[in-house]
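# Can you look at this prediction? I've put the sequence above it.
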2 protein chains.
Amino acid sequence: MKRELGGKGAGLAEMSRVGLDVPAGFTLSTKLCALYAEADKEGKGSQLLEKAGAVMKEVEMGVKFIEKQMRRPIPRGSSSKTSKDGELPLLLSIRSGAAVSMPGMMDTVLNLGLNDVIVEGFCSSPTTSEAERRFCLDAYRRLLDMFGDVVLSIPRVDFESALTEMKRARGVATDAELTADDLRELCEKYKRVYVDRGKTFPSDPETQLRKSIEAVFASWKNPRAVKYREINKDCAGLEGTAVNVQAMVFGNRDDDSCSGVLFTRDPSTGEKKLYGEYLVNAQGEDVVAGIRTPENIDQLAVQFPRCHKTLVDWCDRLENHFWDVMDIEFTVESNKLWILQCRSGKRIGAAAVKIACDMVDEGLITVPRAVLMVEPRHLDQLLRPRFDPGDLAGDADVVAKGLPASPGAAVGTIVFTAADAEAAKKRGVDCVLIRVETSAEDVGGMHASCGILTARGGMTSHAAVVARGWGKPCVVGCGDMFVNERDKTVRFQGCDAKFKEGDAISLDGDRGLVIRGSRALIASIADNGDLARVMRWTDETRRIQVLANADTPADAAIARANGAEGIGLVRTEHQFFSSPERLRAMRSMVLASDDAARTEACDRMLPFQREDFEGIFTAMAGLSVCVRLLDPPLHEFLPPKKSQELDRVARDVASNAGEKDVGKILARAERMREANPMLGMRGCRLGIQHPSVTAMQSRAIFEAAKACADKGIRVKPQIMVPLVATAAEFSHQANVIRDVHAEVFAGVEALPFEVGVMVETPRAALVADKLVRAGAQFLSLGTNDLTQMTFGFSRDDVGPILKTYRENGILTNDPFERIDELGVGLLIENCAMMARAAVRELNEQWQEDQSKPKGDKTKVKIGVCGEHGGDPASVRYFASDRVALDYVSCSAHRVIAARLAAAQAAARELDAL
Amino acid sequence: MKRELGGKGAGLAEMSRVGLDVPAGFTLSTKLCALYAEADKEGKGSQLLEKAGAVMKEVEMGVKFIEKQMRRPIPRGSSSKTSKDGELPLLLSIRSGAAVSMPGMMDTVLNLGLNDVIVEGFCSSPTTSEAERRFCLDAYRRLLDMFGDVVLSIPRVDFESALTEMKRARGVATDAELTADDLRELCEKYKRVYVDRGKTFPSDPETQLRKSIEAVFASWKNPRAVKYREINKDCAGLEGTAVNVQAMVFGNRDDDSCSGVLFTRDPSTGEKKLYGEYLVNAQGEDVVAGIRTPENIDQLAVQFPRCHKTLVDWCDRLENHFWDVMDIEFTVESNKLWILQCRSGKRIGAAAVKIACDMVDEGLITVPRAVLMVEPRHLDQLLRPRFDPGDLAGDADVVAKGLPASPGAAVGTIVFTAADAEAAKKRGVDCVLIRVETSAEDVGGMHASCGILTARGGMTSHAAVVARGWGKPCVVGCGDMFVNERDKTVRFQGCDAKFKEGDAISLDGDRGLVIRGSRALIASIADNGDLARVMRWTDETRRIQVLANADTPADAAIARANGAEGIGLVRTEHQFFSSPERLRAMRSMVLASDDAARTEACDRMLPFQREDFEGIFTAMAGLSVCVRLLDPPLHEFLPPKKSQELDRVARDVASNAGEKDVGKILARAERMREANPMLGMRGCRLGIQHPSVTAMQSRAIFEAAKACADKGIRVKPQIMVPLVATAAEFSHQANVIRDVHAEVFAGVEALPFEVGVMVETPRAALVADKLVRAGAQFLSLGTNDLTQMTFGFSRDDVGPILKTYRENGILTNDPFERIDELGVGLLIENCAMMARAAVRELNEQWQEDQSKPKGDKTKVKIGVCGEHGGDPASVRYFASDRVALDYVSCSAHRVIAARLAAAQAAARELDAL
């Protein structure tokens, strides 16, 4: 019911249903808010509720229900006095509540129903005590304040300065010290604020109610709420806030009253005991504001023993009902317990896994429920060292904010070049690499640093992808940062200090924060067995395989440790930056003047590749390893245009290849530069241009596989052809690969292998059936490039565009982070559908065609190896019935989160049954 | 039947059916060739025909049919002598013939059936004359030669050197001078060649036949034939060649024999009279080889009056049967006329339109047939000056070959910079602009030159697109050209000369040739009324609208003159390079430091834009004009990185905008550079980032429209939002446009306009229904960018890739030239289908929803405005029932060809009925 009643409304309704004492009330649905907004656009909003007689009739019925439940009347008419002498009438609270919590974003009016006549009537009654008079006048003051602010847009500061003035005049520090008379005078001053601002406080409680409802509806569209929804992607698709109209109860009525908040279990440890605090004679907001130190919830058993007993019972009932840890607001009014709100309790990672395990053990929840209860960020938290999150709010040391590209915390000294980073690493110094943006040249330095910060780039920029691959904290697209590479200094907008090389800095990759100095880290928590248990459940629940992207034996080992069921993507290009000899061999290949020189360079590259593959195969013994052929434009392996470094490389290649003319080599390098390298000579286009490169890589793979097999290691090699757009491209490369396979295994028993396509161009997704017919044994969706080309967004340039688009509400998510189901998704669904149809047809033909030799049936695995393979929401989509891919492959460090997300997709379906 | 029987086989079958005398024969289908190739792959090809008893049984039946028809037996068995004394047996010819003509590509064996026994029997007969003996031995010699070459792969040079040797020994110049005895000796020498090469000539005629058929089938896969099919896109999809087995007839039998070729009408003028030539006592190949000067066909009436009369009659029958001009090979053997081959006669443009008109007038063909008879290249030929095509074959002055990017002939002096081109133009000198590649900066110089030649780029590179737009000859991607811009010289691979500025050069844009010196031009032919008549027919026939792309009033006037029904694309960015003030205003906008400065720059740009639009609206009075909002990345308007020119511009902007810090402006320019500008901040992304630019352009359009309307000119403005990927982007820009519209027409009657989407990203095509629901009134497929992103090909970088792909048979067409129906086509079909479904649904809702005000029904036009709109084959696809677009828009100079192609799509369907 959350979508219609909002989180708060749904919680209240459920609690009533379970039989807990909730102040009587009713909820106006989010749909009505949307209707209101619609009417408001046409300039009729302010009269909508008035005109919509039916709505106000329902409100009236609701109010009657409240009166009946609470067995007290609500005041009506501006001058009526419906309550008995010395008894306050029933007051109302009007609170917003959307389907997703938007803390502090929308408005609330409390104590609704008071006016001069009622207050005077109560206060002047001889049965009214001084404390009661004070309470009533304080309630009235608060109503005047909130109503003026929320409904009539009177600046709150007007009321606040009157209050401050009064406290100064009385020489007191806190509101509580003001007397009833002081408060009466304050009410008069507040009413004067209304007059000064040309506004009128409606004394008729019904008018107060109607206008308050309208104001809460209107608050949905206030700029800060709109902004909040833009920033928080969970809010996408919400159509409005609900309005909860409820009877007021008062924790500040007397000393037999209190207000408190609690969790049904400890949200930090998961321990099964009430966790919370309360304040005697106070309203809920006072607990949060921290005016007085609240009491621990255990103390409630002493101070309010009956209420405590009831509360414990109710908490059990809530957990039983919601199958979850609950976060509760309660109020005791004159020894009577009321629950004001309940919602799922936010918890940290360690608590989440313990609670999931405990609740299964208690028989409270099923395993699928337990799987759904743990969030990916819980696992992330458990597995990485990090900053104390409480530590950062409003921190003056936070000097800038960028995109949180790779989670985790990094602390180190600033360096500005890859070389400096590597030098620092050699000296044993932790460093943070700051660049305008990174390129393949920086990879060594990035690896050597403990965190990366760039001024440019989006969530899938080079820096982001590489850092995420290594699980290294990274903040990108920090537009307020100005790097002076020459001086080796950096400045931040709105921060006077200039930072230089060697200064300490901290990066919060979870939140995208840049923090001055060395911030302390909290270690990640050791597993007490609960984590392993939860992970076992996820693996038992999910139906989609989780593989990892890994480029080195070390990465592969991490992937396996994190539970990857194979390697779905080995990017061979990264391997060449790991040593000068490797880079040199690669550059000789890139700059080769003819096929002979290229073959010679390939021969030098072969042993490096073979060594890497042997390491990865060994690390993944028994599991499949999918190697992608060389993908990036070759000039990415060269130093920048016209650089001295390029001259040096050209001379090096010249002397190596016996080519005299360095100028010719430089000219060749120049010709390789492309206007749009992302759409240029790369991927299989390279392999078709230079089949010797494909042959060399295939040979390295098969020779490595053979060497492993000879040592008794089980290997399952797969070769993936990148950037395919047509079936003919794939066939060309597959033929080269198969020829090499036949050569390597000539005369011995051939090791089986698979060859498939990386589906990165929209065209490949459109002709998936033809790829299958051409013999592709797997289709691996490279969703990064697919997203680039489907949107026409360059990953490297998309930063400023996404910023503008988010600000204008044009995109709610970064499509490079969360898969675009509506557009890219259509291509993925088409790809899977067409490929499967082709497989079916091929197998039917194979069944029917008696003349053909009976081999294996055609099987084609379809998966994702782009960055989206590590995004929980995207994984849920890939695993859903709509797409039902066979696997996702993500960076080694995201494997655990992906396993969870895959399991949750299945668990949600199981749970729905 | 062409696909199955090949062109030759189908023609022969048809001619027999019509009752013409064709030497009896039969055709083995192309399917059998494909089967043969299949079997050959598995290494069984050579035995396939042998094993496939059924095939040889059919061949045997065919041979019996030939014998029956020709009333003579064919020799059987290696030593049999089945013919009567002094009479040659029936011999056979084995000729290949695919569905598409592949001249000289595949093999032929003639005179099949001869062997030593038969030849000796005939020659030694007392009734055999010396001439007959000579004829028989010559036939045998030719069989030995051809069979050795075609079937046994004996190098032809072996036979040729024997022949040359013989002629030298006898002291004669031509084969004809050799005596019967000489030829007998030559046959012995030929047989010795067989022995030397370790081969055997099979004397059994049946073996000769079987082996020849196999050889012709195998010749389908010979490297030069494969290569030919790779290069010639018409050959795409052919599965094999047919084999025609026919009785031999001999034009060289005696002086009552001859061989000839003719067209049923004059292919140069279209005149209705036989056009051709023949040689007495000669074989067909002798006519082509030009050993003796052939007689004009008119002479046949004198030399062979009866045959001539029959021939004239048969030509009429053929035209009546095929409804076309025919190209015929005939042979007279001893006063008996035979037709050996017929096919549609190739003709030049002027002839094509005259023949089409004449044949309609003669009642021979219908109008749709006439429309189908004219080819786009015919119109192209008619409309442009050009080089004499006969002039160029094997021309030593052709120094290089590139891609024929824009047809026509250009002759001028070489210049190397845009500035030099403009200076030359001012001096009244025709010049050819040579660049490594062109950019927007060069546009002025390109316009000033009469032809453009670039070293880089493909068929849709900047140079190609701009040149085609202007109908200016252009050759691009000339990889063998080496430009030294500093020295202002250019060299060509394989040509010693170095060309310098001012040297004369000629470009053949039809064939992509670069020619040394000033080559003479042939003027285009003036229309005698036939052309106009054909064009009227095309407009009556076609169902798809033809619009033009035009950026200036001058372009618009040309478009209108060529019959464009409106402007489908005005690219506003080109307008800014036409004067320094315009460029300056644009650059101020690009480099603006804030919104105020940008608005100020926009204010300066406004009058220029308004002026252009007014001119275009005026030129297109009464027709629609669709303006695309600014599309390219802004930095395209800036001079190159770190250039002095950029410094100057920055200083200029600084002084203009009152901004002090030139460094800041340069830094801003630097930040605008993108890694992949094609996928960067351009199109609607710019407009969303800077709504003031969209507003300025909209204002210029509406103000221009208003000014025209005030002058009584009917205007139909449309505004197109480029590079849309999501419906929200379109809505954002449409709102800005609608707001400006309301402002411009405040208080006066508003001029109607339409706003739509340029569908360039795959995503836009995928969500076309959502674009329609967001209010797009037209969807214009920008197939250039759509192709770029669907394949992942950068137009600017695709040249070398396409070259490799063509060489490897991976792509047969350039997808930027001819639409890729299989991939990009799926997106286009999806776009049209989804958009139309949305329109239907919207109109159904509108019908049902009584409460809504009744406005106009939703209508959405869907068309193409990419370069493909001018490619005839692509236009046929767009007009076909499968896609059925509403319009195509192409460059002004391609409008006529597009009108024809659109008409042909419809005519083909009419004709099928």
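Cool, the structure landed.

# Can you give the distance of stretch A:149-156 from its chain's centre?
Mean-position distance between stretch A:149-156 and its chain equals 34 Å (Cα atoms, centre = their mean, to the nearest Å).

# Low-confidence ranges, the stretch 251-400 of chain A, go.
Low-confidence segments of the stretch 251-400 of chain A, defined by pLDDT under 70: A:288-291, A:381, A:384-386, A:389-394.

# and the residue of the stretch 201-350 of chain A nearest chain B?
A:Ala236 (12.0 Å; Cβ to the nearest Cβ). In short, each C-beta sits where N, CA and C put it, glycine included.

# For that residue, the count of nearby residues, please.
13 (other Cβ atoms under 10 Å in any protein chain shown).

# which residues sit in contact with it?
By Cβ atoms under 8 Å, 6 or more residues apart in numbering or on different chains, the residues touching A:Ala236 are A:229, A:812-813.

# run the last query once more with 7 Å
Contacts for A:Ala236 (Cβ atoms under 7 Å, 6 or more residues apart in numbering or on different chains) come out as A:Thr812.

# Tell me the spacing between it and A:Arg806.
Counting by Cβ to Cβ, to the nearest Å, the separation of A:Ala236 from A:Arg806 is 11 Å.

# Mind pulling the model confidence for the residue of the stretch 201-350 of chain A closest to chain B?
The model reports A:Ala236 with a pLDDT of 70.

# next one: A:Arg818
Looking at A:Arg818, its pLDDT stands at 94.

# what does the one 3 residues further on give?
In this prediction, A:Glu821 carries a pLDDT score of 96.

# what's the model's confidence in stretch A:29-39, averaged?
81.

# check contacts around whichever residue of the stretch 301-450 of chain A sits closest to chain B.
Residue of the stretch 301-450 of chain A nearest chain B, by Cβ to the nearest Cβ: A:Glu437 (8.6 Å). Taking Cβ under 7 Å, 6+ apart as the criterion, A:Glu437 is in contact with A:454-457, A:461, A:463.

# Low-confidence stretches in the stretch 551-700 of chain A?
Residues of the stretch 551-700 of chain A meeting the criterion pLDDT under 70: A:657.

# quick one, strands of it?
In the stretch 551-700 of chain A, strands defined by DSSP state E, counting those that start in this stretch lie at A:566-571, A:624-628, listed in chain order.

# Adding mean neighbour count, write these out as TSV.
Below are the strands of the stretch 551-700 of chain A laid out as TSV (neighbours: other Cβ atoms under 10 Å in any protein chain shown):
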stretch	mean neighbour count
strand A:566-571	26
strand A:624-628	25
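
# of all those, which lies closest to chain B?
Smallest distance to chain B across the strands of the stretch 551-700 of chain A (Cβ to the nearest Cβ): 15.4 Å, for strand A:624-628.

# what's the angle between the closest one and strand A:566-571?
Strand A:624-628 and strand A:566-571 are oriented at 20 degrees to each other (axes from the mean of the first three to the mean of the last three Cα atoms, to 10 degrees).

# Take strand A:624-628, keep the C-alpha atoms, and write them as CSV.
This file holds the C-alpha atoms of strand A:624-628, laid out as CSV (Å, rounded to 0.1, in the frame of the first residue of the first chain):
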residue,chain,number,x,y,z
SER,A,624,35.7,-21.1,-17.6
VAL,A,625,37.9,-18.1,-18.6
CYS,A,626,36.8,-15.9,-21.4
VAL,A,627,39.5,-13.8,-23.0
ARG,A,628,38.6,-10.9,-25.1
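
# who touches that strand?
Counting by Cβ under 7 Å, 6+ apart, A:566-572, A:613, A:616-617, A:701, A:716-720, A:722, A:758, A:780 sit against strand A:624-628.

# Can you add distance to A:Ile297 and give the strands of the stretch 551-700 of chain A back as TSV?
TSV is the format used below for the strands of the stretch 551-700 of chain A (distance: least, Cβ to Cβ, whole Å):
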stretch	distance to A:Ile297
strand A:566-571	49
strand A:624-628	53
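
# before we move on, the earlier item: restricting to the contacts of strand A:624-628, which residues neighbour chain B?
When the contacts of strand A:624-628 are filtered against chain B using Cβ under 7 Å from any Cβ of the partner chain, no residues are retained.

# Please identify which of the contacts of A:Glu437 is nearest to B:Val662.
Checking those against B:Val662 by Cβ to Cβ gives A:Ala455 as the nearest, at 21.7 Å.

# Let me know the pLDDT of that closest one.
pLDDT, A:Ala455: 91.

# From A:Val436, how far off is it?
For A:Ala455, the distance to A:Val436 - Cβ to Cβ - is 5 Å.

# ok, the two, which is more surrounded?
Each of A:Ala455 and A:Val436 has its neighbours counted (other Cβ under 10 Å); A:Ala455 has more, 21 against 14.

# Now list whatever residues contact both of A:Ala455 and A:Val436.
The contact sets of A:Ala455 and A:Val436 overlap at A:Val483 (Cβ under 7 Å, 6+ apart).

# Outline the domain layout of chain A.
A:2-248, A:385-516 (automatic domain parsing).

# and among those domains, the most buried is which?
Ranked by mean neighbour count, those are led by domain A:385-516 with a mean of 20 (mean count of other Cβ atoms under 10 Å in any protein chain shown).

# Give me the distance from it to the chain's centre.
For domain A:385-516, the distance to the chain centre is 20 Å (Cα atoms, centre = their mean).

# do stretch A:139-158 as well
Distance of stretch A:139-158 from the chain centroid (Cα atoms, centre = their mean) equals 36 Å.

# burial count for whatever residue of the stretch 501-650 of chain A ends up closest to chain B?
Residue nearest to chain B within the stretch 501-650 of chain A (Cβ to the nearest Cβ): A:Pro633, separated by 9.0 Å. By other Cβ under 10 Å, 22 other residues sit near A:Pro633.

# you'd agree it is up against A:Glu674?
Yes. If you go by Cβ atoms under 7 Å, A:Pro633 and A:Glu674 touch, sitting 6.4 Å apart.

# can you tell me how far A:Asp327 sits from A:Phe263?
5 Å.

# joint contacts of these two?
A:Gly345.

# which residues touch A:Val287?
Residues in contact with A:Val287 (Cβ under 7 Å, 6+ apart) are A:259-261, A:277-279, A:294.

# Please convert the buried members of the residues you listed into ChimeraX selection syntax.
The following ChimeraX line selects those of the contacts of A:Val287 that are buried, judged by 16 or more other Cβ atoms under 10 Å in any protein chain shown:
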select /A:259,260,261,277,278,279,294
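
# Just the element for A:Cys708, please.
A:Cys708 belongs to helix A:691-710 when assigned by DSSP states H and E.

# could you say what helices and strands that helix packs with?
Here helix A:691-710 touches helix A:595-619, helix A:684-689, strand A:716-721, helix A:727-744, going by 3 or more Cβ pairs under 7 Å, 6 or more residues apart in numbering or on different chains; DSSP states H and E.

# Report the distance from the last one to the chain centre.
When C-alpha coordinates are averaged (Cα atoms, centre = their mean), helix A:727-744 and its chain have centres 42 Å apart.

# Do that helix and chain B come into contact?
Yes. Applying Cβ under 7 Å from any Cβ, one finds that helix A:727-744 is in contact with chain B at A:728-729, A:732.

# Can I get that helix in CSV, CA atoms only?
Below are the C-alpha coordinates for helix A:727-744, written out as CSV (Å, rounded to 0.1, in the frame of the first residue of the first chain):
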residue,chain,number,x,y,z
ALA,A,727,28.2,-12.0,-38.7
ALA,A,728,30.9,-11.9,-41.3
GLU,A,729,33.3,-10.1,-39.0
PHE,A,730,32.8,-12.8,-36.4
SER,A,731,33.3,-15.6,-39.0
HIS,A,732,36.5,-14.1,-40.2
GLN,A,733,38.0,-13.9,-36.7
ALA,A,734,36.6,-17.3,-35.7
ASN,A,735,38.3,-18.9,-38.7
VAL,A,736,41.6,-17.3,-37.7
ILE,A,737,41.1,-18.7,-34.2
ARG,A,738,40.1,-22.2,-35.3
ASP,A,739,43.1,-22.4,-37.6
VAL,A,740,45.5,-21.6,-34.8
HIS,A,741,43.7,-24.1,-32.5
ALA,A,742,44.2,-26.8,-35.1
GLU,A,743,47.9,-25.9,-35.4
VAL,A,744,48.5,-25.8,-31.6
